[in-house]
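J.: take a look and give me a structure for this.
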Amino acid sequence: MICELCGKNVTFTRKVTIEGVQLEVCAECAKFGIEAKKQVPKEEAPKPVIAQRLEVRERRSRSVDVLEATEREELVDDFAVRIRDARSKKGMTQKDLAMKINERLTVLGKIETGDMRPDDKIIGKLERELGIKLKEKVVDTPVAKGMSSSTLTLADLINMQKD
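T.: Residues are numbered from 1 along each chain as shown. Here you go, the predicted structure:
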């Protein structure tokens with residue numbers, strides 16, 4: 001190997017930083033610089049799409065306890081009537097509302113007739129513009145109340161029918 005500073009032919013070299021430049025030098029020339037730190041290769045972060053897919057897979061693979069009460073938000077059943085009433089109270093036409101929330105008139109018409117269920121993005125726009133609530137909290141109750149064990153048995157079903 002050849003020293004990059006003095007040009008001597010040596011058996012081994014050291015990585016040294018001299019004046020901000022990293023060189024491979026002999027032991028004699030190493031005193032002119034600072035020993036270079038070994039760079040540990042950084043592990044690449046997963047791409048955002050891959051990370052999202054992994055999160056979705058993890059959520060799907062979690063077990064759900066049917067005996068435990070859970071709370072979630074769900075679109076109200078009479079969403080079409082609520083939207084239509086709120087729009088008419090504000091004195092707006094379907095066209096006016098569609099322009100304000102930046103949606104197509106046909107989409108708004110289908111939502112107001114109940115032919116189409118709005119997605120979360122449209123629900124948010126309608127709630128803000130009309131000042132109404134279209135989602136309500138729903139509590140899923142356990143399948144069987146008062147069961148003796150954590151698993152559903154035939155005896156539990158018979159007892160439920162008797163009540």
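
J.: okay, now the unreliable bits of this protein?
T.: Counting by pLDDT under 70, the chain has low-confidence residues at 38-47, 64-69, 140-151, 163.

J.: buried stuff in the helix or strand harbouring Gly109?
T.: Here Gly109 sits within helix 105-113, counting by DSSP states H and E. By 16 or more other CB atoms under 10 Å, the buried positions in helix 105-113 come out as Leu108, Ile111, Glu112. Any C-beta I mention is one placed from the backbone N, CA and C, and that applies to glycine too.

J.: got phi/psi on the residue nearest to the last one when sequence neighbours are not counted?
T.: Setting aside the residues directly before and after it, Glu112 is nearest to Arg84 in space (CB to CB, 6 or more residues apart in numbering), at 5.0 Å. For Arg84, the backbone dihedrals (degrees, to the nearest 10) come out as phi -60, psi -50.

J.: could you pull out the helices for the protein?
T.: Counting by DSSP state H, the chain has helices at residues 48-61, 79-89, 94-101, 105-113, 120-130, 154-162.

J.: and the shortest one, what other elements does it pack with?
T.: Right, helix 94-101. Secondary-structure packing of helix 94-101 (3 or more CB pairs under 8 Å, 6 or more residues apart in numbering; DSSP states H and E): helix 105-113, helix 120-130.

J.: quick one: buried residues of it?
T.: Quick answer for helix 94-101 (16+ other CB under 10 Å): Gln94, Leu97, Ala98, Ile101.

J.: that older thread, out of the helices and strands packed on helix 94-101, which gets nearest to Cys29?
T.: Closest to Cys29 of those, according to CB to CB: helix 120-130, at 65.3 Å.

J.: against which helices or strands is that closest one packed?
T.: For helix 120-130, the packing partners by 3+ CB pairs under 8 Å, 6+ apart come out as helix 79-89, helix 94-101, helix 105-113.

J.: distance from the chain centre to that helix, please.
T.: 20 Å (CA atoms, centre = their mean, to the nearest Å).
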